[in-house]
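1. Just need the structure, nothing else, for what follows:
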Amino acid sequence: MASVLSSSRSTAHPFGERYAGRMGPLPGASQPWVDGLRQAGRAALTSSGLPGPKVEAWRYTSLAELAKVAFIPAATADDVEVASVPSRVPRLDGFPRLVLVNGVLRRDLSDVAANAFAVPLRDALNGGDPAVRAVLGKIAPVSGSPISALNTSFLSEGLVVSAQSGAPVRLQIVTIGAAGAEPAAFHPRIVLTASDGADVTVAVHHVGLPGQSYLSNPVTEISIGRGATVRNFVDLAEDGDAFHLGLTAVNLAANGSYEDFRLALGGGLIRQDVTAIFSGDGGRVTLNGAYALAKTEHHELATTFFHDVPNCNSEQIVRGVAAGRSRAVFQGRIRVAPNAQKTDARQNHKALFLDAGPKIDCKPELEIFADDVQCAHGAATGEIDHDQLFYLLSRGIDPDTARALLVAGFLVDVVSRLSIDVVREAFAGAVSAWLKTRVVSGGVP
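-> Got it, this is the predicted structure:
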């Protein structure tokens, strides 16, 4: 039975008692702290529901269509068979692979070598792992985040990744969404802890199989120790009927470094939230992203960076293109606390309309309570430069190829900022494949 909430600040949703009753026994139920986390999530979900049209942070992304879908827990769908990883996901040299299907680790599809870096969240919850307890729910609390509240309510599957100083850790995580006869929902949680001086790179691919609609509701909590470096590269290409509500929450100790890249090339309704909290001096966060939308796809990237201490830097650069009747949204919030002097925080978003149908919204926010800072934001949207297009046409290039070349140059400019060669090449290849399908081959916009 769906929750019934009449206020325009909340949206009715199908994740009430009936859904919870179908989850079955959850791992860690005997651990009071695990049960307490779930209860807090459900309390937040019951009291506030999923955000409605009057919630400012969600004004551009309506969950009304999601609320109409009678999702079942993916674990109860006994007619889902996934025998292999979709060919769209590239092999990354030097990155052992872990595969999750509807949030559940599939060892038969994963590389044995990857087991050295990660354990299933289910095992950590059942074992009461104190290291997980120190992070889980602390960096991505349920208060103020409906994505985290929903995920925490049904906390069960996912991964725990731990890295110590020494040899760099490289890991590829593939999460596959699939539904059987009924729409399914899954809520994986990834906990990544980088100890002081550690070096971690994770490439995450969210892909979906055609069929019934599904909801992917992943939450990732990342704890970065003193002088540690974490790179988190996310490639999102869900099925066209899928919903994706994801959150990545990061906490950086002194001199910690975090690099994030978001590539979004598919999905029905997508909302990605990224939050970063600077807890020690000298931290640095770089978030870059690229999206390409068509048909009726909807994608929102919402970032919130809390500069709570002095001498920290953050930079955000996002580029996107939109066609058909798609909609793209970028919301970037930077908050500089009163004592966070010497902060340098910048964000920039640019997007291209490929035709007259799509909508693009950009909402930058700066909240600055310190005086010795450098903060800036910029945003621009427009059409393909007609002079550049004419130049290519005058050189004998056909119109579709000319447009694809200009769009590729626009997007690859930000993809080229990826610091790891093999990931950069894979993401650039995904962009090229999208352009070939949508532009050069006459794909439906």
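2. Residue 41: which element?
-> helix 32-48 (DSSP states H and E).
3. Can you show me the helices along the stretch 201-350 of the chain?
-> Counting by DSSP state H, counting those that start in this stretch, the stretch 201-350 of the chain has no helices at all.
4. Strands of that one, residue ranges please.
-> Applying DSSP state E, counting those that start in this stretch to the stretch 201-350 of the chain gives strands spanning 214-216, 219-224, 229-237, 243-252, 257-266, 269-278, 284-293, 298-307, 313-322, 327-336, 344-353.
5. who wins for proximity to residue 196 among the ones you listed?
-> Closest approach to residue 196 among these is made by strand 219-224 (9.4 Å; CB to CB). Yep, even glycine has a C-beta here, placed from its N, CA and C like the rest.
6. In its sheet, which strands sit next to that closest one, and in what direction?
-> Taking DSSP bridges as the criterion, strand 219-224 forms sheet pairs with strand 189-194 (parallel), strand 243-252 (parallel).
7. Out of these, which is closest to residue 89?
-> strand 243-252 (16.0 Å).
8. Next, the angle strand 229-237 makes with the closest one.
-> Interaxial angle, strand 243-252 versus strand 229-237 (axes from the mean of the first three to the mean of the last three CA atoms, to 10 degrees): 170 degrees.
9. and the angle for strand 243-252 with strand 257-266?
-> Calculated by the same axes, to 10 degrees, strand 243-252 forms an angle of 170 degrees with strand 257-266.
10. Let me know the average pLDDT across strand 243-252.
-> Over the span of strand 243-252, the pLDDT mean works out to 98.
11. try stretch 36-48
-> Per-residue scores along stretch 36-48 average to 93.
12. cool, and stretch 203-217?
-> Averaged over stretch 203-217, pLDDT sits at 95.
13. For it, measure first residue to last.
-> 18 Å (CA to CA, to the nearest Å).
14. what comes up buried for that stretch?
-> 203-209, 211-217 (16 or more other CB atoms under 10 Å).
15. Distance to residue 123 for those residues - can I get that in a markdown table?
-> Shown next, in a markdown table, are the buried residues of stretch 203-217 (distance: CB to CB, whole Å):
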| residue | distance to residue 123 |
| --- | --- |
| 203 | 23 |
| 204 | 20 |
| 205 | 23 |
| 206 | 23 |
| 207 | 25 |
| 208 | 26 |
| 209 | 26 |
| 211 | 30 |
| 212 | 30 |
| 213 | 30 |
| 214 | 25 |
| 215 | 25 |
| 216 | 22 |
| 217 | 21 |
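16. Farthest-apart pair in the residues you listed, please.
-> 203 and 212 (27.6 Å).
17. residues near the spatially closest residue to residue 107 that is not a sequence neighbour, how many?
-> Residue nearest to residue 107 in three dimensions, not counting chain neighbours: residue 115, with 8.0 Å by CB to CB, 6 or more residues apart in numbering. Other residues lying near residue 115 total 14 when counted by other CB atoms under 10 Å.
18. before we move on, what about residue 223?
-> 24.
19. is it true that it touches residue 258?
-> No - counting by CB atoms under 8 Å, residue 258 is not a contact partner of residue 223; they are 10.7 Å apart.
20. Which element, helix or strand, includes residue 132?
-> Assigned by DSSP H and E, residue 132 falls in helix 130-133.
21. and that helix, which residues are buried?
-> Buried positions in helix 130-133, judged by neighbour count with 16+ other CB under 10 Å: 132, 133.
22. again, but for stretch 78-92
-> Buried residues in stretch 78-92 (16+ other CB under 10 Å): 80, 85, 89, 90, 92.
23. How about stretch 114-124?
-> Of the residues in stretch 114-124, those buried (16+ other CB under 10 Å) are 114, 117, 118, 119, 120, 121, 122, 124.
24. next one: stretch 276-291
-> Applying a neighbour-count criterion of 16+ other CB under 10 Å, one finds 276-280, 282-291 buried in stretch 276-291.
25. With respect to residue 68, which of these is nearest?
-> residue 291 (25.3 Å).
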